[in-house]
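Novice: Predicted model and sequence below, questions to follow.
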Amino acid sequence: MEPETRATLERLALCLGQQVSALRHLCFKFEIQEVVLTSGRQKWLGETTAELERAVDALHETDKALREALATAAVAVSLSPESTVREVAAAVPEPWSYVLEEHRKGMQELLDRVGQLSKTNRQLLARGHAATLAAMSFLGAQVSSGYDASGRPSPATGSVGLLDARA
């Protein structure tokens, strides 16, 4: 293998490792938010949301570098610049195929976990929102729980009432 090709594969493996690390950090931040949501300590919700946003931004940065490294590595092994990690891993010799495939598997597992945590947290947020609206209504407070087509707050219908789709 030529030294230039080896260098592009090393860069790709490094970028994949950084992506895995960023995904692991994002999972951690989602889990922290889940703990906050389930514990009822809503005062930290804004902080956990800001932390999640920073983790997503960091993931986007690693994703940009990864896409560039992947395109370069794909071209170096005579593949299309749009090739996937799986395709590049299949086209390179050992130990690179193993290294790239292991990173790909790790990324897939973490992406699945991020999706699961995100769904759980959205459900917890929706339940908390609904409970808050119910409590405010019980106390006789006028709640504006949705938004009309112009973006103004309005009473909403539906089980959670986050958006008034009437226009």
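Specialist: Structure's in. What do you need? Numbering: from 1, shown residues only.
Novice: rest of the way, CA atoms for contacts and neighbours
Specialist: Fine.
Novice: Enumerate every residue touching residue 13.
Specialist: With contact set as C-alpha atoms under 8 Å, 6 or more residues apart in numbering, residue 13 has these partners: 99-100, 103.
Novice: tell me which element the residue lying farthest from the centre of the chain is part of?
Specialist: The C-alpha centroid of the chain is most remote from residue 140, which lies 38.5 Å away (C-alpha atoms, centre = their mean). For residue 140, there is no host helix or strand (DSSP states H and E).
Novice: after the helix or strand encompassing residue 33 comes which helix or strand?
Specialist: Counting by DSSP H and E, the element that carries residue 33 is helix 3-39. Using DSSP H and E, the helix or strand that follows helix 3-39 towards the C-terminus is helix 45-76.
Novice: low-confidence ranges in this protein?
Specialist: 128-138, 141-149, 151-167 (pLDDT under 70).
Novice: let's see it at 90
Specialist: 1, 33, 36-46, 48-49, 120-167 (pLDDT under 90).
Novice: Select the longest helix from it.
Specialist: Secondary structure assigned by DSSP state H gives helix 96-138 as the longest helix of the chain.
Novice: How far off centre is that helix?
Specialist: 8 Å (C-alpha atoms, centre = their mean, to the nearest Å).
Novice: Also stretch 6-19?
Specialist: For stretch 6-19, the distance to the chain centre is 21 Å (C-alpha atoms, centre = their mean).
Novice: any idea how far residue 35 lies from residue 123?
Specialist: The gap separating residue 35 from residue 123 is 13 Å, by C-alpha to C-alpha, to the nearest Å.
Novice: Tell me which residues touch residue 104, please.
Specialist: Applying C-alpha under 8 Å, 6+ apart, we find residue 104 in contact with 16, 85-86.
Novice: Buried ones among the residues you listed?
Specialist: By neighbour count, with 16 or more other C-alpha atoms under 10 Å, these hold 16, 85 as buried.
Novice: tell me which of the contacts of residue 104 is nearest to residue 30?
Specialist: Minimum distance to residue 30 across the contacts of residue 104 is 20.9 Å, recorded for residue 16 (C-alpha to C-alpha).
Novice: need the contact list for that closest one.
Specialist: Counted by C-alpha under 8 Å, 6+ apart, residue 16 has contacts 66, 100, 103-104.
Novice: do that again at 10 Å, thanks
Specialist: By C-alpha atoms under 10 Å, 6 or more residues apart in numbering, the contact set of residue 16 is 10, 22, 62-63, 65-67, 69-70, 85, 99-100, 102-104, 106-107.
Novice: One more: residue 125?
Specialist: 34, 37-38, 45, 119, 131.
Novice: mind listing what's buried in stretch 37-54?
Specialist: For stretch 37-54, by 16+ other C-alpha under 10 Å, it's 37, 45, 48, 51-52.
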